[in-house]
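Trainee: with the sequence up front, the predicted model follows.
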Amino acid sequence: MIDIEVLHRVAATLAERKAASPDASYVSSLYAKGTDAICKKVAEEAAETIMAAKDGNRLHLVWEVTDVWFHTMVLLSHFGLTVDDVLAEFRRREGVSGIDEKKSRTAG
Ligand SMILES: N=c1c2ncn([C@@H]3O[C@H](COP(=O)(O)OP(=O)(O)OP(=O)(O)O)[C@@H](O)[C@H]3O)c2ncn1[C@@H]1O[C@H](COP(=O)(O)O)[C@@H](O)[C@H]1O
């Protein structure tokens, strides 16, 4: 199993890119364009993920999901958040059945 340290290293690079020139860094250029542009990339990569899945292309699916993860990490970083905030939320939800959680929303 590949460890998740690569996500932490990428997150650290994303934080560093806040001080970089948009001319020299794709991530800095996204920060400079702002929230709407970053969200647009997330939406584009999500659409490409759907197309890869519908084509049944497993390699493209991995590429596109990686693009989605990467661009959502840029979005988190833009808001001062990191992959650790998402991992903490996964930890909070761990073991809570999605079915039970949905039922609890309407209970009472
Ligand atoms: N993981 C990635 C990563 N994944 C995808 N991409 C880029 O995401 C961009 C968008 O992908 P597209 O297929 O939509 O490309 P495109 O059609 O040319 O983009 P548009 O013209 O539509 O904007 C491409 O330029 C990819 O190279 C990434 N760019 C950077 N990283 C990581 O971020 C770090 C910092 O990158 P820089 O800021 O560029 O140094 C890198 O060291 C990597 O670790």
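Mentor: On my side now, so go ahead. Residues are numbered from 1 along each chain as shown.
Trainee: which bits of the chain sit near the ligand?
Mentor: For the chain, the contact set with the ligand under Cβ under 6 Å from any ligand atom comprises 10, 13, 17, 25-28, 67, 70. From N, CA and C alone the C-beta is placed, and that goes for glycine too.
Trainee: which of the residues you listed count as buried?
Mentor: 10, 17, 25, 27-28, 67, 70 (16 or more other Cβ atoms under 10 Å).
Trainee: tell me where the protein has helices.
Mentor: Under the criterion DSSP state H, helices of the chain are mapped to 5-16, 26-33, 35-55, 58-78, 83-93, 98-106.
Trainee: redo those helices as CSV? Include mean pLDDT.
Mentor: As requested, these are exported to CSV (pLDDT from 0 to 100):
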stretch, mean pLDDT
helix 5-16, 96
helix 26-33, 98
helix 35-55, 98
helix 58-78, 98
helix 83-93, 95
helix 98-106, 83
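Trainee: find the residue at the geometric middle of this protein.
Mentor: Thr72 (2.7 Å; Cα atoms, centre = their mean).
Trainee: what's near enough to touch the closest residue to it other than its chain neighbours?
Mentor: Spatially, and ignoring its direct neighbours in sequence, Thr72 is nearest to Val42 (5.8 Å; Cβ to Cβ, 6 or more residues apart in numbering). Going by Cβ atoms under 8 Å, 6 or more residues apart in numbering, Val42 touches 68, 71-72, 75.
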